[in-house]
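Novice: Next comes the sequence, and after it the predicted model I'd like to discuss.
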Amino acid sequence: MFYINRVFGTVSFFNYDFLSPAMISLDSEKKQKIFNELAGLQQRDYCFSSGHILGSMCTVPHPLAREVYLQFLETNLGDLELCPGTKEIESRYIAFISKLLHAPKTSTGQIVSGGTEGNITAMWIAKQLSGKKEILLPTSAHFSFQKIASLMGMKLVEIPVTDDYVMDVTHLKKKIRKTTAAVVGLAGSTELGTIDPIPEISEICAHEHVFFHVDAAFGGFVIPFLKELHYKIPDFDFRLKGVSSISIDSHKMGYAAIPLGTLMVRKKQWLGSISVDSPYISSEKQTGLLGTRSGAPVAAAYAVAQYLGHEGYKQMVRSCMDVTCYTQKRIEQLGLDLVMKPTMNVIGVKLKKPGIVVKKLSEQGWRVNKIERLSCIRLVLMPQITKQIIDEFIPVLQKTCVEVDEL
Ligand code: 0PR
C-alpha cells in the first residue's frame, strides 16, 4: 500500500500496521458482499436521476462535485493547520458567495452544513450581540426556527402574511419591541418560494437598530439570476443597509453536493461573539457550531462554481423557470388551480386532500410534498426536471386527481 505525500512530494508506504493485513487488503469476495448489501438497501431510495422526485429542494450534484468530493474525503476544516490548502479553497468559495450577495468589505462568511445551521448560527449571533431572545418571523418561516427556540431558549413571534403569502410589514412595525433580538425575512420560502418585502423590512430594522437575518437557503442561488433575467422581484442582499446576515445553500440551487451552505454576516467581528478558545488545536479560536467538519463539500462546491461561473448558474435558473412556466400551464389546463403565480421554481397546486394525492402519487413512483397548512402539494422544478418529465407526470397527476375526486 503506498501513497503520495502531498506535503513533501514523496511516495511512501502507508503505515497500516495498526490493522491486520486481512482487515485492509480488499478481499474481493468480502467487498462484493458488502457492496451487495449496500446496493440492495440503496435500491429502496428514490434517486434524482430517475426524474421522479418533484418535491425536493436538492438535486443531482454536478459530475465535477462527485469527483472532487472523493479527492477531499480526508480533509478536516476543524483543524486548519492540517489543511491550509483546503482552508484557502474555503476562503475562495466564501469570496464567490460574497460577490454573489454584494457583501461589503467589512463582511465575512461562515461555512455551514445547510439552512438549518445557517439559521441557528445567525440567531446565535443575534442573541449574543443583543442579549435579547425574541425572534420576529413570518408564519411561512422554515421549521428550523422551532429548533432554534428550543436550543437557545428563544421566543418566536409570528408575523402574519398578506394574501400574497409574504410578511405583512404593517404587523412587523407593531411587533418590534425593546426585547427583539432579530427579525427574519425569507428570500425564497420553503412552501411556495415567495420573497418577503426585504427592502421595507431592511429599512425598518436599520431604523430600529435590530439584527435582520435573510433566510435565502433556497432563493440565494435563484434571485440574483432572476433579477438579471428581468423578473420583477424585490432586492434581498447586502446592498440593503439593514440586512445583517444572509444564509444561502449550495446543496439546493447551487448544484453542489450535500451538505453545504454559507452564512454571510455584515461585520467580521460579529463572528467573535460565537467564537470559543480552542486550546488544544492549531488555531486559538474556533467559530461556529461544528468542530470537525469535512472539506469535501466545500472543495466540491468551489469546483462547481468555478466550472459553471455566473453565466452557468444564470442559464440553469433560466431553464428552471422555463420548465416552471410550462408546468404551470399544463396544470392549469387540467383544471387545477395554483395557490399563487410562482415567484421562482416552486409551484403550489391547490387540492382538497393533498395528503391522499401525495400518497397515491408515491405509490406510482412520483415524489411530491404535501402542505396541509396551505391545502396544496408542492412541486420544486429543480435543474434535473425537464419538460419531457412533466409530460410524463401530468397524465399521472390527472388520473390520480380523477380517482380521488379532485377533478
Ligand atoms: N430555510 C429554508 C427557506 C429552507 O427551505 C430550508 C430547507 C432550510 C432553511 C433548512 O435547510 P437544511 O434542510 O439544508 O438544513 N428546505 C427543504 C425543505 O424543507 C429541505 C429539504 C431539501 C427537504 C430536500 C427535503 C428534501 O428532499 O423542503
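Specialist: Noted; the coordinates are in hand.

Novice: Against residue 235, how distant is residue 386?
Specialist: Residue 386 sits 31 Å away from residue 235, going by Cβ to Cβ, to the nearest Å. All C-beta spots, glycine's among them, are computed from the backbone N, C-alpha and C.

Novice: actually residue 353, not the one I typed
Specialist: Residue 353 is 39 Å from residue 235, by Cβ to Cβ.

Novice: Same question for residue 358.
Specialist: For residue 358 relative to residue 235 (Cβ to Cβ), the value is 35 Å.

Novice: In terms of neighbours, single out the busier of the two.
Specialist: Per other Cβ atoms under 10 Å, whichever of residue 358 and residue 235 has more neighbours is residue 358, with 22 against 17.

Novice: give me the element that one is part of.
Specialist: Secondary structure from DSSP states H and E places residue 358 in helix 354-363.

Novice: now that helix, how far from the chain's geometric center?
Specialist: When distances are taken as Cα atoms, centre = their mean, to the nearest Å, helix 354-363 is centred 25 Å away from the chain's centroid.

Novice: hmm, that helix in reach of the ligand?
Specialist: No - applying Cβ under 6 Å from any ligand atom, one finds helix 354-363 separated from the ligand by no less than 13.2 Å.

Novice: Now do the same for that helix: mean pLDDT, whole number.
Specialist: Mean per-residue pLDDT for helix 354-363: 97.

Novice: what's in contact with that helix?
Specialist: Contact partners of helix 354-363, identified using Cβ atoms under 8 Å, 6 or more residues apart in numbering, comprise 351, 367-372, 375-377, 396-397, 400-401, 403-404, 406.

Novice: Enumerate every residue touching residue 331.
Specialist: 338, 347, 349, 394, 397.

Novice: In PDB, list the C-alpha atoms belonging to whichever helix or strand residue 204 is part of.
Specialist: Using DSSP H and E, residue 204 sits within helix 198-208. Output in PDB follows, covering the C-alpha atoms of helix 198-208 (Å, rounded to 0.1, in the frame of the first residue of the first chain):
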ATOM      1  CA  ILE A 198     -36.900  42.600   2.200                       C
ATOM      2  CA  PRO A 199     -36.200  46.300   1.300                       C
ATOM      3  CA  GLU A 200     -39.000  47.500   3.600                       C
ATOM      4  CA  ILE A 201     -38.000  45.100   6.400                       C
ATOM      5  CA  SER A 202     -34.400  46.200   6.000                       C
ATOM      6  CA  GLU A 203     -35.400  49.900   6.400                       C
ATOM      7  CA  ILE A 204     -37.500  49.200   9.500                       C
ATOM      8  CA  CYS A 205     -34.600  47.100  11.100                       C
ATOM      9  CA  ALA A 206     -32.000  49.800  10.200                       C
ATOM     10  CA  HIS A 207     -34.200  52.400  11.800                       C
ATOM     11  CA  GLU A 208     -34.800  50.300  14.900                       C
END
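
Novice: after that helix, next one along is what?
Specialist: strand 211-216.

Novice: Pairing partners for that following strand, with directions?
Specialist: strand 180-186 (parallel), strand 245-249 (parallel) (DSSP bridges).

Novice: Most tightly packed of those strands?
Specialist: The highest mean neighbour count among the strands paired with strand 211-216, using mean count of other Cβ atoms under 10 Å, belongs to strand 245-249: a mean of 31.

Novice: anything in that strand near the ligand?
Specialist: Yes - among the residues of strand 245-249, residue 249 lie within reach of the ligand under Cβ under 6 Å from any ligand atom.

Novice: quick check: angle from that strand to helix 198-208?
Specialist: Interaxial angle of strand 245-249 relative to helix 198-208 (axes from the mean of the first three to the mean of the last three Cα atoms, to 10 degrees): 150 degrees.

Novice: Mind checking the pLDDT average for whichever helix or strand comes after strand 245-249?
Specialist: For strand 245-249, the following helix or strand on the C-terminal side (DSSP H and E) is strand 261-265. For strand 261-265, the mean per-residue pLDDT is 98.

Novice: and what of stretch 322-341?
Specialist: Mean pLDDT, stretch 322-341: 98.

Novice: which non-adjacent residue is nearest whichever residue of the stretch 201-350 of the chain sits closest to the ligand?
Specialist: In the stretch 201-350 of the chain, the residue found nearest to the ligand is residue 217; the distance is 3.5 Å by Cβ to the nearest ligand atom. The shortest distance from residue 217 to any non-neighbouring residue, by Cβ to Cβ, 6 or more residues apart in numbering, is to residue 115 (3.2 Å).

Novice: I'd guessed residue 134 sits against residue 157; true?
Specialist: Yes - counting by Cβ atoms under 8 Å, residue 134 does reach residue 157; the two are 5.8 Å apart.

Novice: So those two - more neighbours on which side?
Specialist: Using other Cβ under 10 Å as the criterion, residue 134 and residue 157 rank with residue 134 on top: 21 against 16.

Novice: How about the residues of the chain by the ligand?
Specialist: The chain has residues 56-58, 114-116, 119, 142, 144, 186, 190, 215, 217-218, 249 near the ligand, with proximity defined as Cβ under 6 Å from any ligand atom.

Novice: helix/strand/coil for residue 406?
Specialist: Classification of residue 406 by DSSP: H, G, I helix; E, B strand; the rest coil places it in coil.

Novice: Wait, it touches residue 335, no?
Specialist: No - Residue 406 lies out of contact with residue 335 (Cβ under 8 Å); the separation is 9.4 Å.

Novice: between these two, which one's more packed in?
Specialist: Taking neighbours as other Cβ under 10 Å, residue 406 and residue 335 compare with residue 406 leading, 20 against 10.

Novice: In the chain, which residue is most central in space?
Specialist: Nearest to the mean C-alpha position of the chain, counting by Cα atoms, centre = their mean, stands residue 249 at 3.1 Å.

Novice: per-residue pLDDT, that residue?
Specialist: Residue 249 carries a pLDDT value of 98.

Novice: The stretch 251-400 of the chain: helices as residue ranges?
Specialist: Along the stretch 251-400 of the chain, the stretches classed as helices by DSSP state H, counting those that start in this stretch are 296-334, 354-363, 387-403.

Novice: Buried deepest among those, which one?
Specialist: On a mean-neighbour basis (criterion: mean count of other Cβ under 10 Å), the most buried of those is helix 296-334, at a mean of 19.
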